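Peer 1: Provided below for reference: sequence and predicted model.
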Amino acid sequence: MSYGATGKSALVVTSGVFHHCLVLRLEGELDVDAVPLLREHLRRAWELPATPFMIIDLSEVAFCDSVGMSELVSVLQRCEQRGTRLLLGGVQGVVSRVLSITGLRNAFDVYDDFDDAVRYAMTA
């Protein structure tokens, strides 16, 4: 867990394997203070055998700065090296705007709804 200046959790990361997908759910703020927590979850994920898909659920992310976006790019690159397809689900609000502003929206497989990303992975 990452804590901001107020003492409240800034980011909560949960993860698990669902069929042939590694799923990470992020809730809160994906920023410079939270990236170490995400990296720790990812470190453990990279130790697992590669899955065909990794889905990151961003539906509960309220804020994303350039460091958070950079970490998502790093995840994409690592997934490509492993032969894993990265899907971003629940991309709305601030995350959608940041992806559009940075021109990264087309770099990722983006789904407005997390369930749509899961459905795609289940049928691919």
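Peer 2: Thanks, I have it. Numbering: from 1, shown residues only.
Peer 1: name the helices or strands packed onto the longest strand along the chain?
Peer 2: Looking across the chain with DSSP state E, the single longest strand is strand 53-64. Using 3 or more CB pairs under 8 Å, 6 or more residues apart in numbering; DSSP states H and E as the contact test, the elements touching strand 53-64 are strand 21-30, helix 66-82, strand 85-89, helix 93-102, helix 114-123. (C-beta placed from N, C-alpha, C; glycine too.)
Peer 1: again, only using 6 Å
Peer 2: Judged by 3 or more CB pairs under 6 Å, 6 or more residues apart in numbering; DSSP states H and E, strand 53-64 is in contact with strand 21-30, strand 85-89, helix 93-102, helix 114-123.
Peer 1: Can you give me the buried ones in the helix or strand just after the first one?
Peer 2: Looking back up the chat, that one is strand 21-30. Counting by DSSP states H and E, the next helix or strand C-terminal to strand 21-30 is helix 35-47. Neighbour-count burial for helix 35-47, counted by 16 or more other CB atoms under 10 Å, picks out 35, 37, 38, 42, 45, 46.
Peer 1: List the contacts of residue 56.
Peer 2: Contacts for residue 56 were tallied using CB atoms under 6 Å, 6 or more residues apart in numbering; they are 24, 88.
Peer 1: got the contact list for stretch 33-52?
Peer 2: 2, 10-11, 13, 15, 20-22, 67, 71, 82-84.
Peer 1: Pick out the most distant pair among those.
Peer 2: Maximum pairwise distance in these, criterion CB to CB, is 32.2 Å, between 10 and 83.
Peer 1: The two: who's more crowded?
Peer 2: Using other CB atoms under 10 Å as the criterion, residue 10 and residue 83 rank with residue 10 on top: 20 against 9.
Peer 1: The helix or strand where that one lies relative to strand 53-64, how many degrees between them?
Peer 2: If you go by DSSP H and E, residue 10 is part of strand 9-18. Relative orientation of strand 9-18 versus strand 53-64 (axes from the mean of the first three to the mean of the last three CA atoms, to 10 degrees): 170 degrees.
Peer 1: Which positions within strand 9-18 qualify as buried?
Peer 2: Neighbour counts over strand 9-18 (16+ other CB under 10 Å) mark 10, 11, 13, 15 as buried.
Peer 1: Fine by me, we can end here.
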